[in-house]
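Undergrad: A predicted structure for the sequence below; I have some questions about it.
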Amino acid sequence: MPMKKRFAGWIAMLVLVFVMATPAFAAEGYEPDFAISAAAAYVVNLDTNIVVYEKESETSMEAASLTKLMTMILMLETYQDQLDTVTVTAPGYIYDILYGKNASTADIWRGETHTLRSLLYAMELPSGNEAAYIVADYMGGGSIDNFVAMMNEEAARIGCTGTTFADPCGLDHGNVTTAKDAYLILRTAMSYDAFVQAAGSTSYQMPASTMHEAPYNILSTDMLINSDSGYYRSYTQGGKTGSLDDWQNFAGWHTQDGESYISVVLHSSLDVDDRPALVETAQLMDWAFDTFTIAPALDTTQPISELPIIYSTQADTVMLYPADDMMTLLPRDGGADLTQKTFDLPERLTAPIKQGDVVGTVTLSIQGESLGTVDLIAGSTVDRNQVLYTLTKVGEFFSSTYFKVVVVLAMIAVAVYAFLWVVAVLFSVSGTNNKKRRG
């Protein structure tokens, strides 16, 4: 297997592990005080992999142009180091496929040649459907069906369970995904620097060609990253839009004050706004950043529990401290005070013990969702009193079941021995008397 393929497989497995281990705050008490029109949504904190909001996140829905994320992943998986050296010419037949569909384009003409980097920006910024078909034709060896099969294989490898692709761009209504799967796909795409750079760009200059006498600019449909737009959010780093019929999709990532999220909204209604997916993404992310923060759940300078200690006259108990402050996502209102603690500790400690020795663990949870487990360490050194230890062990021995059994067995042995001795004496006396009578 080529190195790039193995690398992509590792990325997919890491993403799947993250999701399988993802706890959630999406429970009563941590929901926004507004409703979104989106039929499905999924918001995950990337620093902790904690889900802060979800709605119908495992229900399959039409993916629209979020489909292009998978096309870009496959292209980058194979050609990430050749984006400026590999050129591709647009085959004429794809324009027959797109004819009459009112599909968004990057103004790439039949027979026009572009680098893969230009095609990447063409797919990402204006959501150029012809660019997606050009890549699919090139990578599928002239067969769109071959490329779509590759897309579905990659989706399964990433861990998608509700995703099926029918074309490389999203125009076919058979392209379906779930909010959780879209999160997986976007997270995989974000592992490629070229995608991150493209998705964070508001514009790109397509080069001049035989079909275009001069370079021309293409613009991003993601208004959340455009500071001149009324939809702008400084925390949004990039994403991918998609729309069909009377709804829109958006999957993006956001960073503020060192905290990062991925958000997905599917099928936001056009009754909300001309760009409803962007509006509702901004609502959810404003709420998430206002509601949660990365903070220490524990204080390593304060004892969290204590245990009795035996075999020492130096101390009766030992204070236990968390070994780590466990930085995690917590509600801003209440924070660490809202966590529940479950201890895994012995009934007592045995001297000697050194400061810093691990003696147990504490697991933190909030609303039943585990946040993680931290070691508990001894806060002081306690030496063993050897006299006390010896006397205790002697006392334990004499009071032990073992000693009692030994004593009982010894008594039985003595009794048996005494009985046998008596019997032997009696036989001896009897034999002597018999000899005397015969004499």
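TA: Received the coordinates, thanks. Numbering: from 1, shown residues only.
Undergrad: my read: Thr210 touches Glu112, true?
TA: Yes. Counting by CB atoms under 8 Å, Thr210 touches Glu112, with 7.0 Å between them. Every C-beta, even on glycine, is put in place using the N, C-alpha and C of the backbone.
Undergrad: More neighbours: which of these two?
TA: Shown here are Thr210 and Glu112; by other CB atoms under 10 Å, Glu112 has more neighbours (18 against 9).
Undergrad: for the more buried one, what are its contacts?
TA: 89-90, 209-212 (CB atoms under 8 Å, 6 or more residues apart in numbering).
Undergrad: which SS state does the nearest residue to it once chain neighbours are set aside fall under?
TA: Spatial nearest neighbour of Glu112, excluding adjacent residues (CB to CB, 6 or more residues apart in numbering): Met211 at 4.3 Å. Under DSSP: H, G, I helix; E, B strand; the rest coil, Met211 falls in the coil class.
Undergrad: Quick check: phi and psi on Met211?
TA: Torsion angles at Met211 (phi, psi; degrees, to the nearest 10) stand at phi -100, psi -20.
Undergrad: mind listing what Thr115 touches?
TA: 83-88.
Undergrad: Kindly recompute the last result at 6 Å.
TA: 84, 87 (CB atoms under 6 Å, 6 or more residues apart in numbering).
Undergrad: ok, back up a step: want to try JSON lines for the contacts of Glu112, with distance to Ser227 and pLDDT as columns?
TA: As requested, those are exported to JSON lines (distance: CB to CB, whole Å; pLDDT from 0 to 100):
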{"residue": "Thr89", "distance to Ser227": "36", "pLDDT": "97"}
{"residue": "Ala90", "distance to Ser227": "33", "pLDDT": "97"}
{"residue": "Ser209", "distance to Ser227": "31", "pLDDT": "90"}
{"residue": "Thr210", "distance to Ser227": "35", "pLDDT": "84"}
{"residue": "Met211", "distance to Ser227": "32", "pLDDT": "91"}
{"residue": "His212", "distance to Ser227": "28", "pLDDT": "94"}
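Undergrad: closest to Ile50 among the residues you listed?
TA: Using CB to CB, Ala90 comes nearest to Ile50 of the contacts of Glu112, at 43.9 Å.
Undergrad: from memory that closest one sits against Tyr133, does it?
TA: No. The pair Ala90 / Tyr133 is not scored as a contact, 8.2 Å apart, by CB atoms under 6 Å.
Undergrad: Please say which of these two ends up with more neighbours.
TA: More neighbours sit around Tyr133 than around the other of Ala90 and Tyr133, counting by other CB under 10 Å; the figures are 28 against 22.
Undergrad: Distance check, the more buried one against Ser143.
TA: Separation of Tyr133 from Ser143 (CB to CB, to the nearest Å): 12 Å.
Undergrad: Could you pull up the residues touching the closest residue in space to Glu56 that isn't next to it in sequence?
TA: Residue nearest to Glu56 in three dimensions, not counting chain neighbours: Ala40, with 4.1 Å by CB to CB, 6+ apart. Counting by CB under 6 Å, 6+ apart, Ala40 touches 55-57, 59, 61, 179, 266.
Undergrad: What separation is there between Ala40 and Gln386?
TA: Counting by CB to CB - Ala40 and Gln386 are separated by 68 Å.
Undergrad: What of Ser209?
TA: Distance, Ser209 to Gln386, using CB to CB: 89 Å.
Undergrad: out of the two, which sits in the busier spot?
TA: Each of Ser209 and Gln386 has its neighbours counted (other CB under 10 Å); Ser209 has more, 16 against 9.
Undergrad: Could you find the closest non-adjacent residue to the more buried one?
TA: The spatial neighbour of Ser209 that comes closest, neighbours along the chain excluded (CB to CB, 6+ apart), is Glu112 at 5.3 Å.
Undergrad: neighbours around Arg187, how many?
TA: Arg187 has 21 neighbours, counted by other CB under 10 Å.
Undergrad: Are we agreed that it is in a strand?
TA: No. Secondary structure of Arg187 (three-state DSSP): helix, not part of a strand.
Undergrad: ranges for the helices of the protein?
TA: With helices called from DSSP state H, the chain shows them at 3-20, 67-79, 93-98, 116-124, 129-139, 144-158, 179-189, 193-199, 276-291, 386-399, 401-438.
Undergrad: For His173, find the nearest of those.
TA: Closest approach to His173 among the helices of the chain (CB to CB): helix 67-79, 11.1 Å.
Undergrad: pLDDT of the closest one, averaged?
TA: What helix 67-79 shows for mean pLDDT is 98.
Undergrad: how about low-confidence regions in the stretch 51-200 of the chain?
TA: Within the stretch 51-200 of the chain, no range satisfies pLDDT under 70.
Undergrad: From Thr350, how far off is the residue lying closest to Gln355 once chain neighbours are set aside?
TA: Closest residue to Gln355 apart from its sequence neighbours, by CB to CB, 6+ apart: Thr381 at 4.6 Å. According to CB to CB, Thr381 and Thr350 sit 14 Å apart.
Undergrad: Equivalent analysis for Thr59, please.
TA: As judged by CB to CB, Thr59 and Thr350 stand 55 Å apart.
Undergrad: Looking at the contacts of Glu112, which is nearest Glu369?
TA: Using CB to CB, the contacts of Glu112 come closest to Glu369 at Ala90, 49.6 Å.
Undergrad: So what does that closest one look like in phi/psi?
TA: phi -70, psi 120.
Undergrad: Quick one: residues contacting it.
TA: Listed by CB under 6 Å, 6+ apart, the contact set of Ala90 reads 108, 110, 112, 134.
Undergrad: Same question for Pro322.
TA: 298, 300, 304, 374.
Undergrad: Please list only the buried members of those residues.
TA: Burial by neighbour count, judged by 16 or more other CB atoms under 10 Å, picks out 298, 304, 374 from the contacts of Pro322.
Undergrad: out of everything not next to it in sequence, what's closest to the first one?
TA: Counting by CB to CB, 6+ apart, the nearest residue to Leu298 once its immediate chain neighbours are dropped is Pro322, at 4.2 Å.
Undergrad: mind checking pLDDT for the one you found?
TA: You'll see Pro322 listed with a pLDDT of 97.
Undergrad: picking that back up, out of the buried ones among the contacts of Pro322, which one sits closest to Lys68?
TA: Of all the buried ones among the contacts of Pro322, Lys68 sits closest to Val374, with 42.3 Å by CB to CB.
Undergrad: Could you check how far the closest one is from Asn45?
TA: 19 Å.
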